[in-house]
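Enquirer: Quick one: sequence and predicted model below, then my questions.
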Amino acid sequence: MIKGTKTATVADANGSYSLDKVPSNAVLVFSSIGYQTVEIPVEGKVVINAVLSQQAVGLDEVMVVAYGNVKKGSYSGSATMVKGDAIKDIPVVTFEQAITGAVAGVSIAQTSGQPGGMPEIRVRGFSSFNAGNDPLYVIDGIPATSGDLSSANIWSSTMNYLNPSDIETITILKDAAAASLYGSRAANGVILITTKKGNTGKIVSTFKASAGVSYFAYNNYPLASDSEAEMLHREAWTNYANANPSSWASYGSVSSYVNAKVEQYYPSKKEGYEYVDWEDVLFRNAVSQNYEFNISGGGPQSKVYASVGYNDQQGVNVMEKLTRISTTFNAEAQASKHVKVGGSFQFTSTNQKGNQDGAAKDNPYYLWKVYLTSRWPYKDAEGNYWMESYNGSYRNPVPNFDKQIAYSKQGRTMLKGFAEADILPGLKAKTILSYDYTRIDDRFGWMMGHPNGTAYGNGYIGDRYRRVEKLVSSSTLSYDKTFADKHHVAFMGGWEAEDDSQQYTNLSKSDFANYGMQSTYLAATLKEGGTYNDQSTLLSVISNLNYDYDNRYFLTGTFRRDGSSRLSPEKRWGNFWSISGSWKITNEKFMKDIEWADNIRLRASYGTSGTLPSSLYGYMSLFSYDIYGEGNAAYPSNLANYDLTWEKNLNWNVAIEYDFLQRFGIVAEYYQRTTKDLLLDASVPTTTGFQTALRNVGSMQNKGVELSLHANIIKNRDINWDFNIHWSKYTNEILEMSEKGESIVSRPHIWTAGYSYYQYYTRKYLGVDPENGSPLYAKGTLLEDGSYDMTPVNRKQASSMILEGMTAIPKGFGGFSSNFSYKNLSVSMSWSYKYGHYVWDNALDDIDSDGYSYRNNIGADQLNRWTVAGDDTNVPMRIADNAYGGYYDSSRFLKKGDYLRLKNLTISYDLTKVLKEKANARIYIAGANLLTFSGLNFDPEVRDSGYYNFSMPAMRTFTIGVELTLK
Amino acid sequence: MKKFIINIVIAFAALSFTSCEGFLDTEPTDQVSSATAMLTLTDATNAINGLYSDMKWYDYYGAYIPVLGELRADDLQTKDSGGGWVAVYTMDYSSEQSSYFELWNKCYEVIMRANTILENWEKIPTSTTNDITTKNDIKGQALATRALVYFDLARCYGYPFANDNGASLGAVIITKTVSATEARKPRSTVAQTYNQVFTDLEEALPLLSKSKNTGHMNYWSARLLQARAYLYTEQWGLALTAAQDVITNSPYTLASRANYVNYWSQEGGVETILELLVRRTSHLDDDGGYNSWYYPLWHGSEINSTGRIIPTQSLIAILKNQTADIRSLMIRDGSTSIISDHKDWLGKFPGTGYVDAKMNNPIIMRLSEAYLIAAEAALHTSPTTAAGFINTLRQNRILNYTNVSTITLNDILTERRKELVGEGHRFFDLMRTKNSVTRSGGFHWCTGEAVTITPTSFKVCLPMSHSQRLIYPELQQNPGYTE
């Protein structure tokens, strides 16, 4: 490029270039990503060659941050960037699944293994009880509609619309300096996504295709075998009979009684009937395919990127599927010497089908593990599906899969346009207008003929239509100038307005006339129907001031003022600011000749951000309406609160970065974030007539440490091998509730001052009495000295207590990854790990019920039960209809959740040499969730709260793919 | 110049937003601000409907009241451990299982709605004498409903008045809308709770309309409630007067023997004084459909199932074979059912309009009860008149009935069993008359403390919720339960 002009050209693969009409006094600037920029004055020469040396580890890398770009080495905030290229081969539907374990301090868990299931992302822990702990998503500079908007009993993330291949970079903003500019929505961090924009230079088109297969990633809930289960059932009934002589009196003997009971509830196989391993008929290997085509190019004055993608994912059960068609078009151009314009258009249509998740009648995973025993016939002697029920509620689900409906169709359109003008040298104005439209059609129900449908009539269908719109307008002015060669000042200021509106319509009807009907026109009975609209608006002023001296000292301040419609007029304006600085020690004179350090940088930040209430009208005092007889019924629906205000987050962060030997880099960070005025649907005495009221109560604090190490072990022309590992830890403590000594129980956790948000509160299980096999619990009442009474008693006499040290918060979590390449072969893998936390296994009362559930499957763990006096075990004696079994809470449900998982592995081979210069080609095989090491008997990737209850577990995927790039 | 203009435009745009405050004012579309929700007589009528639509939920009259009244006694029982409401039958409830605290929460929700009406009542404008009558009736309904709720709180969460003259702990008395802090009051005694009931009823009675008002409180339901409350507090004379007022002066008549079976399918039936209107075909929780009292009684088809809650051997023995008594038809024979246990089932509630047996209007008060109350009260004050009430009732129930001249308390209690089975009275009747319940033999399978319940067993009243007490320690726990 000719310095100071826009005249530029791109060198070819051999490094040859040519530039015409170069003034003889010009300076040529040579740059390339990953290399240090070189400037060479022309001085009349005709041929100028330049040699560029590789950059020190990414310091000059441009990183997208709040409202602009900075060089990584000059940035005082805490932010991590992931390149789209690094995740491009990972076989996932949304990008969040691909970066699990990749960023220090960020934990990502799947809520469900169904295709399209929504991930739960937490940046540096969590700061809110009730107002949401999800980060803000910003796409190409504009906040986007995010979250779970489906309502058809299946999880569906709004980020499903974004094809990971269209992503250029993802930056996660973690501290106040980074996120404060987003003010009232930034308390949980910000995820900035930049989509591909094209490049100046030749047109490059890429075609990519992959296909894969998935199945459960882990052996979930091993069950006792058929003969073991029969033995355990017999034992349970025998023990019951021995303890209750009157029960078997009419049968004559214990054994006839036991035989009769076992035959009734765990019957022997009937002659001629077909019995199956239920896993074979409920689940299948899920096949997925993905095709993409994109084209990217431009000239010296413009850039264009366009893509189209098709993704088809089956789920392991025939009801589950996700199909997505996504298209993107991004373009920008220099309209005139001083004005640049650009725009983007994205359209995605997603079609998702699934089944209810969790402990629900329609979840085949739940039925498989709990109800469908090996004695439950699949088909009778005539070959018809056996449709009777052993327990009155659940039936053979297989013939009814096609009558169960749970689908969600999303159409999302994002339109953006921007204009940028150079007003004066160094002074730029930019304005962006964005329209984000999402349409979600959900349908849930059971067609006529499905046993669940008869509870509602002859079939039931509920339709929900949602239209979500977000209009954002943002205008900023920015000024950038360097004085006296050493003082660099940059200022940005502007304003923004956002308008979110939603229309929600639902309609449900029942009593269809015939099988196979889904259209509600064909149903006779109206169940309910209605429409409502919602609106929420935000108005803001934003500003940012940067000053740096001599590339050694950097100082930044940000200020944002937000006004929100969700609060009363007296309380709706809030100010958010931050101040941060960094010191590049290695640029100091006294460090010039030091060889043991390439870069030492110290940075620190302090600032505020906030969280809005998730309820749009929470502060108002409102009446709701219902129907009574032929008339209307009206009633007060909430306890109003005009003093409702933001949750306020105060964050500070210090970090040190140390790079050495041109190969190694270490970053160590410590942060503290305190939230005040926590928004909570606080429990109120029900004598108010309400159970909760939305209030700002209490405060919470997170403190944490993040350590990352990057090592480029081998770096030469043929071989490149790097290794990254990071580790994070945080502690969370509730500092204050609304009243001194107040506790709120939110099963299985308790919220009380001095403990974390995920502190478990339940009866303490003390194991089994070796004399008689009964389960023992600690009495749990509070003694005078403040400790708990630990006397072993039975369940009915035991109270819940705070289980010190048992929380869902890990003692450490993170990931490590490694990339290895040798000539044309490259291998990369990434692992994630988490340890020190406890998870709550809610399946215990169904599967390991100690005999209470005498019809259900029995978990393999029950084989360890107590049988004779003297047995030392943790599993109590089995007694049928066990009065101490079944549903009851205790620490027996708590299990250590430590795990290590190979999240993805990709092996790719570059075939470019084969195809010469016309095209680049690559084939690869990739896998996700390949290996899991854990002590749990179910998939260890559990959500942050630690609570697990039969959601569809994670899938292990193998794919093979090919990528062809034409130039 | 161009640049200057652009600067001005941007600066102006930045300033102009401050005048866009209206941009930040939004309103919901599915709810109404309370400032405008209680201004007219129509609004108040809607708000009164809000009381009844709340009471029909499963956690109040939709299920909990009949469950607590029947399943702890000897007329109805849970068939087996897979049946309905097992924990109530086995008396297996505790302070940490807060599901039985939902009744308390629902009661206070109704009380809050009644208090909201009473507080906004004054300022409702009226323009005709009709309006004034309507307005007064509204106040009367609010007060009478509040009285009913306090009555239920006293008998479910406090010990029987008869044990100790109401000295045990009862409800928290709240007579106006309160904030979260003001709501943390300690419990009053059962006697004080009954006082509140009587105070509210005395204020309500002169205001209430004396015409029938299907699905709503009127003078007669308030009077019958008063009779019932006098009976529970052993004020026999007052109970007799109130019951006689209803018997003699109300527009209701006893269902005849010929009409009895059909009566139970009717909305606004001849002797129904207070019922709650439930949609006939909804199966969703809003009408208490799924979890209501009527669902586990439901027998499915006549041939292939029995209910999950069944009549006890004890009830069958006194009623099933009394063919002259029309009420014997309430127990349906299970011997031809294909379900191997061949249990009989309660066929009393066939569904409103015979549409769906799971959807019935809970009938809270009806004329038959007035006769029974009058008879029992008369036993204590003018014993020779007691038999007369029972005779009239039986004339309408038993074919070729011959009047009796004397009647004992046991006779009356048995008559109550036959007449009121399934309506949630039995357990409370035994407790208030200082009797015990024994559930053994026959089909009973409960064990331990659930077999014999005396009026002083600590489980006669429900516990306060443990988790509620964590945020509201002023709420005293009932004795015997863990804190």
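Expert: Nice, thanks for sending it over. Numbers count the residues shown, from 1 in each chain, chains lettered A, B, ... in the order given.
Enquirer: Quick check: what element follows the helix or strand containing residue B:274 along the chain?
Expert: Assessed by DSSP states H and E, residue B:274 sits inside strand B:272-275. Proceeding N to C from strand B:272-275, the next assigned helix or strand is helix B:294-297, under DSSP H and E.
Enquirer: OK, now which residue of chain A is nearest to chain B?
Expert: residue A:689 (2.2 Å; Cβ to the nearest Cβ). For the C-beta atoms, the positions are set from N, CA and C on the backbone; glycine is no exception.
Enquirer: Pull up the per-residue confidence for the residue of the stretch 51-200 of chain B at minimum distance from chain A.
Expert: Nearest residue of the stretch 51-200 of chain B to chain A (Cβ to the nearest Cβ) works out as residue B:112 at 2.2 Å. On the pLDDT scale, residue B:112 is placed at 95.
Enquirer: So it sits against residue A:636, correct?
Expert: Yes. Counting by Cβ atoms under 8 Å, residue B:112 does reach residue A:636; the two are 7.1 Å apart.
Enquirer: Overlap of the contact sets of the two?
Expert: Shared contacts of residue B:112 and residue A:636 (Cβ atoms under 8 Å, 6 or more residues apart in numbering or on different chains): residue A:689.
Enquirer: that older thread, quick check: which element contains the residue of the stretch 51-200 of chain B closest to chain A?
Expert: helix B:102-121.
Enquirer: List, one by one, the residues from the stretch 551-700 of chain A near chain B.
Expert: A:563-565, A:569, A:572, A:616-617, A:620-629, A:631-637, A:639-640, A:682-691, A:693, A:695 (Cβ under 8 Å from any Cβ of the partner chain).
Enquirer: Okay, and which of those residues map to strands?
Expert: A:563-564, A:622-628, A:631-636, A:682-683, A:693, A:695 (DSSP state E).
Enquirer: Can you turn the buried part of those into a PyMOL selection?
Expert: Buried residues within those, by 16 or more other Cβ atoms under 10 Å in any protein chain shown, are selected in PyMOL with:
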select buried, chain A and resi 563+564+622+623+624+625+628+632+633+634+635+636+682+683+693+695
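Enquirer: What segments of the stretch 301-450 of chain B are strands?
Expert: B:309-311, B:331-332, B:345-346, B:363-366, B:437-438 (DSSP state E, counting those that start in this stretch).
Enquirer: which helix in chain B runs the most residues?
Expert: When chain B is parsed with DSSP state H, its longest helix is helix B:129-157.
Enquirer: In PDB, list the C-alpha atoms belonging to whichever helix or strand comes after that helix.
Expert: The helix or strand immediately downstream of helix B:129-157 is helix B:161-164, counting by DSSP H and E. C-alpha atoms of helix B:161-164 as PDB (Å, rounded to 0.1, in the frame of the first residue of the first chain):
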ATOM      1  CA  PHE B 161     -62.100 -25.600  68.900                       C
ATOM      2  CA  ALA B 162     -63.700 -28.200  71.100                       C
ATOM      3  CA  ASN B 163     -60.400 -29.500  72.400                       C
ATOM      4  CA  ASP B 164     -59.500 -26.400  74.400                       C
END
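Enquirer: mind listing what's buried in the helix or strand just after helix B:161-164?
Expert: Once the chain leaves helix B:161-164, the next helix or strand it forms, by DSSP H and E, is helix B:190-204. Using 16+ other Cβ under 10 Å as the test for burial, helix B:190-204 gives B:190-198, B:200-201, B:204.
Enquirer: What of stretch B:172-190?
Expert: B:172-175, B:177-178, B:180, B:183-184, B:187-190.
Enquirer: beta partners for residue A:573?
Expert: On the basis of DSSP bridges, residue A:573 is bridged to residue A:563.
Enquirer: if I read this right, it contacts residue A:541, doesn't it?
Expert: No. Counting by Cβ under 8 Å, residue A:573 stays clear of residue A:541, with 10.1 Å between them.
Enquirer: mean confidence for the lengthiest helix in chain A?
Expert: What stands out as the longest helix in chain A, according to DSSP H, is helix A:226-243. The average pLDDT within helix A:226-243 is 92.
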